[in-house]
Structure formats: C-alpha cells, structure tokens
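S.K.: Kindly return the folded structure for what I paste below:
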Amino acid sequence: MMSKTDDSSPQTLPLNAVRVFVEAARQLNFSRAGRVLGMSQGGVSRHVATLERYFGQPLFARSGTSVRLTDAGRLYFDTVQEALSTIELATRQLAQGQAGARLIVRTSLPTFAMTTLIPALPGFQPEAPVAVDLVTSLSPPDAGDSYDVLVTRDLAIAGAEHWLLAAENLVCVASPARCRKFAHQPISQWQFLAAQSRPDVLAAWSAQLGVQATGIHVSASFDHYFLAIAAATGGMGHLVVPELLVAEPLRRGHLLRASPVVVRGDASYSAYINPRSTAPETARVFCRWLKGWFRQAQDGPPAALQKH
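M.R.: Sure thing, here's the model as predicted:
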C-alpha cells in the first residue's frame, strides 16, 4: 500500500494545470489554448503533462497536431468546467465592481420595479459611471443587509436619510375594447380586478366616487399588481391602480382611463439611504435623480380619457 509520503504520488494539487487543461479541452488545440492563456504551445503541453502525471493516465489522445479527449479526460472536463466557469464569472464581477462604482437599490415594490424603475434606469446618468444592482424584498431590511438605497411605499428606516419622492395617485384603467363596451354602463355593471397586495386601493377610489363597496363587483383577484395589470391589458376587467404603475401602457394605448377621476391615495413613495452605505454620495445622486424622475412623470401630459 502506497504511503502518503511516497514520492511517486504528487502531494500538491496542480491548480494551474487544471485551468490550462480546461482551456485546452475547450479548444481541442494546444496552440489556440496557449493564445487564449497567453503562453506557448509548449507551456500548455507541460501543464497538461503535469496533470496527466497527477492522475496517472492520459487526458488527451494526440495524433500529430490534433488532440482529442480520452474517456478519462472527457469525464474530468465535464466535472470541472462548470466550477471553473463559475470562478471566472465571480472573478470578473468582483473586478468590475472594483473598477467602477456600484449602487445597490433595494425596493419593497416588485411591480414598481418591473413596470417603472427598470425602464427608467437608463436615464440615470451620474457624472461618474455607476452600475445599479436592483433587488426586491417585501421584508424590512436588517441592519446587516447590504444595500445603498431603499425605495418603498410601506417601509421606513429609523435614523436614515429620507427622501419623499411622490404622493400616490389612483386611476381606473381598462383595455380599449373594454372601455368601449362599458362606456355607457354604470360602475355597478363593471367587473373589477383586484390586487391582494393592495386591498385598500379599490375601496379608496370607490369611496371618492361615492360608490358603496357593496356596489363594486370583483371578478378576479391577483397576488400582485404586475399580474393584475397584465390581466387588465388582456381585457379581463377594470383595474384601479397607482397611476405610475400603468404610465407606459397608458402611453402606448394598451390601457385607457375608464374614468377621468384621479384619487389621491393615502400612501407615498419614499427613498431611504442606508446609514451603512459605502457610497452615500452616489446614493444621494440617485435619490435626487429619482425624485426628479417622479416629478417629471407626474407633471407630464396625462393619458387622456378616450372618447368611446
């Protein structure tokens, strides 16, 4: 039985040789692999030979200038290439993060993130290049969570720098075909869609119109607004929704205002800068831009109620 100190068994895992082997297996050509790795063909061959000695069996079958993987080489390549690709990706991401500023924006509003914030982000152009990472979570952030800015409607961070972005306006929308169909019908005849995440919205809008809650017929409900908006766009029913969330489908004509009434909601959109942010100045630049974007979005030309 071979002891662990037997000189015939290498004791140090040749990690450099593993990297070279994977590239050689990808290229199936030692010269091309050498160009990718910045070394000579001979250097590739030496690293591969080191790994073959380590395993005690060939990993490549050589025929002139061409090479192919042996069964053992194929098995090893299939095993390690994904792990090495993960290491390469993580290394590049870390290098990019060090090369330029990154801002982590957290929001408790997944529909807002999908329908509003993500389409608006290309307009964020600070003086220095900044990469914005967006994460969503409905839970209040913990003290140790890593983020720079929290955009929210229903959360608060005690002691954090607070930016009031905008008040919330509620509108009733529907697909063009549905607006035409129900143009001369009373609200009691409309079939409404509801978002379970915001049960207050439909009640607030109907109360402003003087309509009893018992006079509102809800035909379907959804967990979140991004589902309800898709259903409204598809013609399933009328939807009372925060205006900002449907600004784009209103602009494109995929949805129309079914009523001219705009109701000021009880909620408002806010941004908080994490007291532990490593980029507080960049976070302030982002909050200032986002506040201006909200103002422009709300002051822009409204989507007019179509004549049916």
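
S.K.: And the helices in the chain?
M.R.: Under the criterion DSSP state H, helices of the chain are mapped to 15-27, 30-37, 41-55, 71-99, 110-112, 118-120, 176-181, 200-208, 225-233, 247-252, 280-299.

S.K.: How far off centre is the first one?
M.R.: Averaged C-alpha coordinates place helix 15-27 at 33 Å from its chain's average position (C-alpha atoms, centre = their mean, to the nearest Å).

S.K.: sorry, back to before: just give me the lowest mean pLDDT stretch among the helices of the chain.
M.R.: Mean pLDDT per stretch puts helix 71-99 lowest among the helices of the chain, at a mean of 77.

S.K.: now the helices of the chain in a markdown table, with distance to residue 161 and mean neighbour count?
M.R.: The way it works is simple: take the backbone N, C-alpha and C, and place the C-beta from them, glycine included. Conversion of these to a markdown table gives the following (distance: least, C-beta to C-beta, whole Å; neighbours: other C-beta atoms under 10 Å):
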| stretch | distance to residue 161 | mean neighbour count |
| --- | --- | --- |
| helix 15-27 | 45 | 19 |
| helix 30-37 | 47 | 18 |
| helix 41-55 | 53 | 17 |
| helix 71-99 | 24 | 12 |
| helix 110-112 | 20 | 20 |
| helix 118-120 | 21 | 13 |
| helix 176-181 | 43 | 16 |
| helix 200-208 | 28 | 17 |
| helix 225-233 | 28 | 21 |
| helix 247-252 | 27 | 16 |
| helix 280-299 | 8 | 16 |
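
S.K.: Can you say which of the ones you listed is nearest to residue 64?
M.R.: Using C-beta to C-beta as the measure, helix 30-37 is the one of these that comes nearest residue 64, at 11.8 Å.

S.K.: That closest one to helix 41-55, inter-axis angle?
M.R.: Between the direction of helix 30-37 and that of helix 41-55, the angle (axes from the mean of the first three to the mean of the last three C-alpha atoms, to 10 degrees) works out to 100 degrees.

S.K.: So which residues make contact with helix 30-37?
M.R.: Around helix 30-37, the neighbours that count as contacts under C-beta atoms under 8 Å, 6 or more residues apart in numbering are 19-20, 23-24, 26-27, 40-41, 43-45, 48, 65, 67.

S.K.: The same query, at a cut-off of 10 Å, please.
M.R.: Helix 30-37 is contacted by residues 16, 19-27, 29, 39-45, 47-48, 60, 62, 65-67 when judged by C-beta atoms under 10 Å, 6 or more residues apart in numbering.

S.K.: domain assignment for this protein?
M.R.: 15-98, 100-308 (automatic domain parsing).

S.K.: I figured residue 148 hits residue 131, correct?
M.R.: No. The pair residue 148 / residue 131 is not scored as a contact, 11.7 Å apart, by C-beta atoms under 10 Å.

S.K.: Only alpha carbons, please: show the longest strand along the chain as CSV.
M.R.: Among the elements of the chain assigned as strand by DSSP state E, the one spanning the most residues is strand 161-174. Listed in CSV are the C-alpha atoms of strand 161-174, where the atom choice follows Å, rounded to 0.1, in the frame of the first residue of the first chain:
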residue,chain,number,x,y,z
GLU,A,161,-31.7,60.0,5.4
HIS,A,162,-35.2,60.2,3.9
TRP,A,163,-36.3,61.4,0.5
LEU,A,164,-40.0,61.9,-0.2
LEU,A,165,-40.4,61.1,-3.8
ALA,A,166,-44.1,61.5,-4.7
ALA,A,167,-47.6,61.0,-3.4
GLU,A,168,-49.6,58.2,-4.9
ASN,A,169,-52.4,58.9,-7.4
LEU,A,170,-55.1,56.2,-8.2
VAL,A,171,-56.7,55.8,-11.6
CYS,A,172,-59.1,53.3,-13.1
VAL,A,173,-58.0,51.7,-16.3
ALA,A,174,-59.1,49.0,-18.8
